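> okay, structure incoming, though there's no sequence with it:
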């Protein structure tokens, strides 16, 4: 019953989405506002309908209605309630519904805003959003229906259908397959929806961009309207990537956090274009440059989002051998081809109205440096894209599949990341229109000297790896430049009599976008320090130990104490070792690396013991033991320097994005009330 | 005006050339030929010592793990390299099951030193990178595993050497 309701709601939503597309266009062409109002109402209705649909899947998951194929695939009796509910995005068809649901929610949010100033854009925004939604709903209803039930015929054969076929009985498995134990991790529970939030919110800027193209508005209104959407989209995308890395580090047990897997790259590519977009729109707002380029970036981001959704869920590229295995693959490619060519056609049609208002003249001007930033991001995108399609392309061209591994990505993008890092330090100090080396130098020389001191300290400390020296020096330089900017701004304020901390607070609060951006840059510096640390200085060792024996790794000693084996109520056999960690002979902590064996799925899961400091992580894996005697156990130990900086950097990064995207009042209303607010804050501080 | 445009064009071309150089040189360093078990064995002595990447279905009975030395040894069975052939067999999961059940298919012994991945089990797909030696044993320095029967989404690389 509930499943029928969910399917019905889904189907109606599809009809409404298609209707909204048509009626928006008809209303616009005929100039009849009531058609557009009707399209808007239909758009608003999609959200409650898809809510019903999503809730009915969650209800079926919670009550373990195993007749539904989807429920049987992703849940099992032993799974706790929160895992059953979050299995909504545990499989392909459920996550498509989740995607559509988010899309409907965001579109409703856009519909409810004030359209007085932008009435001409409305029908086209509806068209783009609802066309995208309709595509996903078609996929769900006709190809990946999560409400399909399983039926058994007289011959015993089992097949799936929405409603009972003649002569068939309901087929009810005793238990479901359940979610793979590797995915039962908090990071993996929130990572997909966060990534999806990022994906879906990028549709909104795209819709406004297309609306601006169709209506021929060449100003930057669409950018201003969607600035916050882009930032929020980017925030979620970044957060999703960080959470995914953390999951890989905790769960996958090879001491790494990023493996240049095609699925990871698929989520990374829209982030790259999105980052380029966020930077280059600032130039359009300030100087009226790069209009074509921004359109191109938002179009690319949109199609990479669709591509990413497809890859991360369908698993097509997970192995080069299973490419296009999924039935919905060709549909996705067709949709991407249609939207990409239609958008590019629109862009070329409006090419002349989007000419830049001025020309860049100075190579060191901020415009030029931002252009370089975009160029670097797009180069990294091209490298990633080539890497992902390399096996396919090589097979088409030579008949022999050739793949490229992490080495390719690391060595091709490494220098570009370094260049971006340097640019991140210099560009914010350059002036609009024209800077000279002299003016730039004046802003930079103090942090530059400070960073040389760090470099000298590293050399005296005995570091000789040229890559690491260059990397750490860059991090120090950019970090100091950025901190110096904060200091200069706050010092200028406190010279007028404000207390320094308050000055700093107000400086950031009054220029959220700028200083939020700087905080993000500081986060990137921390991330870079951590990445250089783990990539260049990771150490590992392994060995079989009897109780009391020790392994030695980079100043740490790991001593095997004991091992016990026990069963748990939720169907696991746990082998848990106790190891003591010593630093230069002094006891520091005890760790419990273990291996859980899930009876139900026959799947073992290795859980590391982790000792975490600012300097490095000691990451201990239990890889083998003698089952009966418990006399000897084998461990693999990684020493991962500076990993903590990666997570801290991620946190600072997200914090900065929050600051930059925190709502500010529209600039017109801002002037008077903000002065009042400032006085109130000051009064509060005095009290 | 045109002088400044030339300046930008020139700068852009230099950076473009640098990026192209990076891509080409990294491709040369990071590229691996992807083989099926049949293709690798057909190359015979010609394949010895060359970097290669092979995919196949894991035979559960052959998995031996020496925890003293962390030496992992197992045998993989030929699976078709062509998507169409895999689809003809009913998808990746069915193709892997068919492979492990078929004693006539060619097999390859793989040796890997490191942590035994959790996903290494009967009828999983193993993708190994490394090289084959004269005796026909494949020495892997990277081992990736997929079990398409267990869940839909792809897991990223599980083990790396």
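Alright, I've got the coordinates. Computed from a predicted model, the values in this text were never measured in an experiment. Numbering: from 1, shown residues only, chains lettered A, B, ... in the order given.

> check which helix or strand covers the closest residue to residue A:614 other than its chain neighbours.
Leaving out its chain neighbours, the residue that sits closest to residue A:614 by Cβ to Cβ, 6 or more residues apart in numbering or on different chains is residue A:644, at 5.5 Å. For the C-beta atoms, the positions are set from N, CA and C on the backbone; glycine is no exception. If you go by DSSP states H and E, residue A:644 is part of helix A:643-661.

> could you list the low-pLDDT ranges of the stretch 51-200 of chain A?
Scanning the stretch 51-200 of chain A for pLDDT under 70 picks out no residues.

> next one: chain B
Chain B contains residues with pLDDT under 70 at B:1-4, B:82-91, B:147-161.

> go again using 80 as the cut-off
Applying pLDDT under 80 to chain B flags the ranges B:1-8, B:28-32, B:44, B:67-68, B:81-95, B:119, B:146-161.

> and the pLDDT at residue A:314?
Note for residue A:314: predicted pLDDT of 55.

> same question for the one 10 residues further on.
pLDDT, residue A:324: 40.

> what's the answer for the one 10 residues further on, then?
In the prediction, the pLDDT value recorded for residue A:334 is 89.

> roughly how far apart are it and residue A:128?
Distance of residue A:334 to residue A:128, given as Cβ to Cβ, to the nearest Å: 17 Å.

> quick one, which of those two is more surrounded?
Neighbour count, other Cβ atoms under 10 Å in any protein chain shown: between residue A:334 and residue A:128, residue A:128 has more, with 25 against 11.

> next, give phi and psi for that one.
Dihedral angles of residue A:128 (phi, psi; degrees, to the nearest 10) stand at phi -60, psi -50.

> equivalent analysis for residue B:50, please.
Main-chain torsions, residue B:50, degrees, to the nearest 10: phi -90, psi 140.

> that one: what's it in contact with?
Residue B:50 makes contact with B:33, B:131, according to Cβ atoms under 8 Å, 6 or more residues apart in numbering or on different chains.

> now do the same contact list for the residue nearest to residue A:614.
Contacts of residue A:644 (Cβ under 8 Å, 6+ apart): A:530, A:612, A:613, A:614, A:617.

> show me what contacts the first one?
Applying Cβ under 8 Å, 6+ apart, one finds that residue A:530 lies in contact with A:642, A:643, A:644, A:645, A:646, A:647, A:648, A:649.

> what do you get for the third one?
Contacts for residue A:613 were tallied using Cβ under 8 Å, 6+ apart; they are residue A:644.

> and the strands in chain A, which stretches?
Applying DSSP state E to chain A gives strands spanning A:149-152, A:158-161, A:169-170, A:401-404, A:539-545, A:550-553, A:556-567, A:572-583, A:586-591, A:594-598, A:603-607, A:609-612, A:616-625, A:633-641.

> the second one pairs with which strands?
Sheet pairing of strand A:158-161 (DSSP bridges) gives strand A:149-152 (antiparallel).

> returning to that earlier point: out of the strands of chain A, nearest to residue A:233?
In terms of Cβ to Cβ, the element of those nearest to residue A:233 is strand A:401-404, at 29.1 Å.

> what does the closest one contact?
Under the criterion Cβ under 8 Å, 6+ apart, residues A:320, A:387, A:390-391, A:394-395, B:26-27, B:30-35, B:53, B:81 lie in contact with strand A:401-404.

> rewinding a little: okay, the strands of chain A in JSON lines with mean neighbour count next?
Formatted as JSON lines, the strands of chain A follow (neighbours: other Cβ atoms under 10 Å in any protein chain shown):
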{"stretch": "strand A:149-152", "mean neighbour count": "19"}
{"stretch": "strand A:158-161", "mean neighbour count": "14"}
{"stretch": "strand A:169-170", "mean neighbour count": "10"}
{"stretch": "strand A:401-404", "mean neighbour count": "21"}
{"stretch": "strand A:539-545", "mean neighbour count": "18"}
{"stretch": "strand A:550-553", "mean neighbour count": "16"}
{"stretch": "strand A:556-567", "mean neighbour count": "17"}
{"stretch": "strand A:572-583", "mean neighbour count": "18"}
{"stretch": "strand A:586-591", "mean neighbour count": "14"}
{"stretch": "strand A:594-598", "mean neighbour count": "20"}
{"stretch": "strand A:603-607", "mean neighbour count": "20"}
{"stretch": "strand A:609-612", "mean neighbour count": "18"}
{"stretch": "strand A:616-625", "mean neighbour count": "24"}
{"stretch": "strand A:633-641", "mean neighbour count": "24"}
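
> so where's the longest helix in chain B?
Longest helix in chain B, counting residues (DSSP state H): helix B:2-30.

> and the next helix or strand past that one?
Next in sequence after helix B:2-30, counting helices and strands by DSSP H and E, comes strand B:31-36.

> quickly note the distance from residue A:118 to chain B.
Between residue A:118 and chain B the distance is 35 Å, computed by Cβ to the nearest Cβ, to the nearest Å.

> picking that back up, in a markdown table, list the strands of chain A along with distance to residue A:28.
Listed next are the strands of chain A as a markdown table, based on distance: least, Cβ to Cβ, whole Å:
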| stretch | distance to residue A:28 |
| --- | --- |
| strand A:149-152 | 42 |
| strand A:158-161 | 41 |
| strand A:169-170 | 48 |
| strand A:401-404 | 47 |
| strand A:539-545 | 63 |
| strand A:550-553 | 68 |
| strand A:556-567 | 66 |
| strand A:572-583 | 60 |
| strand A:586-591 | 65 |
| strand A:594-598 | 56 |
| strand A:603-607 | 55 |
| strand A:609-612 | 58 |
| strand A:616-625 | 58 |
| strand A:633-641 | 57 |
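
> right, and residue A:633 touches residue A:564 too?
No - using Cβ atoms under 8 Å, residue A:633 makes no contact with residue A:564, being 11.0 Å away.

> do you know the pLDDT at residue A:494?
With respect to pLDDT, residue A:494 has a value of 84.

> ok, it - contacts?
Contact analysis of residue A:494 by Cβ under 8 Å, 6+ apart lists A:500, A:503.

> if you set the cut-off to 10 Å instead, what comes out?
With contact set as Cβ atoms under 10 Å, 6 or more residues apart in numbering or on different chains, residue A:494 has these partners: A:500, A:501, A:502, A:503, A:504, A:506, A:507.

> great, nothing more from me.
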